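K.L.:
here are the coordinates; sequence isn't available:
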């Protein structure tokens, strides 16, 4: 895993949101499980970072926020079923950005989670 100047690696957690609180809950539960196993890794979720004003944030501004956050991370963890991920403009933009920046992209299975966890 690529390391930046952080003391511990930061992993950006991407997941389709679609303004559905159930998706935010899924991500929060998965991050809690990840923290239990990977205590020396910081997992950050843009869903939770912008959720307090999601409805009032226009898409370009919200995506810029997400990509700025991702630029400060050491890798991208993509959660969600493959069909939902494929349909998500946001997750696809995050994945393209990670590729452009040379950040590793992982899935739930790479972190020891089964498909239902991510």
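P.N.:
Everything's here; your move. These numbers come from a predicted model, not from an experiment.
K.L.:
just the strands in this protein please.
P.N.:
Secondary structure of the chain (DSSP state E): strands located at 10-14, 42-44, 75-78, 105-107.
K.L.:
could I get those as TSV with distance to residue 34, mean pLDDT and mean neighbour count?
P.N.:
The way it works is simple: take the backbone N, C-alpha and C, and place the C-beta from them, glycine included. What follows is the strands of the chain, written out as TSV (distance: least, C-beta to C-beta, whole Å; pLDDT from 0 to 100; neighbours: other C-beta atoms under 10 Å):
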stretch	distance to residue 34	mean pLDDT	mean neighbour count
strand 10-14	8	95	23
strand 42-44	5	94	17
strand 75-78	8	97	22
strand 105-107	11	96	16
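K.L.:
need those in a markdown table with distance to residue 97, can you?
P.N.:
Putting the strands of the chain into a markdown table (distance: least, C-beta to C-beta, whole Å) gives the following:
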| stretch | distance to residue 97 |
| --- | --- |
| strand 10-14 | 10 |
| strand 42-44 | 15 |
| strand 75-78 | 8 |
| strand 105-107 | 10 |
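K.L.:
residue 66 is nearest to which of the ones you listed?
P.N.:
Relative to residue 66, the nearest member of those by C-beta to C-beta is strand 10-14, separated by 8.2 Å.
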